[in-house]
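> Give me the fold of what follows.
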Amino acid sequence: MSYIKAAVFSNVETLLTYKAPDIGPEMIGCRVIVPLGSKTATGLVIEVSGSADIPDAKIKSIKSFLDDAPVISHELIRLGLWMSRLLSRGPGITFSSMLAPLYSMTSKKNRQADQ
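Next up is the predicted model:
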């Protein structure tokens with residue numbers, strides 16, 4: 001079992017910890033679907049670890065990975081975390097803004113494929 005810290009694309013002030021299948025650091029920078037309260041949300045994997053800093057009973061499992069490869073580099077993750085601290089914004093909001101062009105490109109590709 002692995003644990004990830006994810007920046008959830010919601011107004012959450014900190015990184016959240018989730019259980020994940022055995023994965024390695026190559027999944028850092030990939031998007032995930034995670035439970036958030038009674039709903040689900042998209043998040044970005046920021047860290048992968050073999051242990052967690054909170055009790056296992058409180059940790060929920062991710063629902064799925066959206067990507068097979070990172071959509072953002074380690075350098076941009078460091079930049080996003082720095083921007084989040086500088087602007088006093090939740091990391092999820094910062095990374096959501098940084099990845100907005102990716103969603104736009106995906107939408108255009110889907111629309112072209114439908115035509």
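> Let me see the contact set for the spatially most central residue of the chain.
For the chain, the residue sitting closest to the mean C-alpha position, by Cα atoms, centre = their mean, is residue 44 at 1.2 Å. With contact taken as Cβ atoms under 8 Å, 6 or more residues apart in numbering, residue 44 is in contact with 6-7, 9, 29-32, 72, 77, 92, 95, 99. Every residue, glycine included, has its C-beta placed from N, CA and C.
> and of those residues, the nearest to residue 38?
Distance to residue 38, by Cβ to Cβ, is smallest for residue 9 among these, at 16.8 Å.
> tell me the secondary structure for the residue nearest to the centre of the chain?
Using DSSP: H, G, I helix; E, B strand; the rest coil, the structure places residue 44 in strand.
> need the strands for this protein, in chain order.
2-8, 16-20, 31-36, 39-49, 64-65 (DSSP state E).
> Including distance to residue 58 and mean pLDDT, could those strands go into TSV?
Converted to TSV, the strands of the chain look like this (distance: least, Cβ to Cβ, whole Å; pLDDT from 0 to 100):
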stretch	distance to residue 58	mean pLDDT
strand 2-8	12	96
strand 16-20	9	96
strand 31-36	12	96
strand 39-49	16	95
strand 64-65	21	95
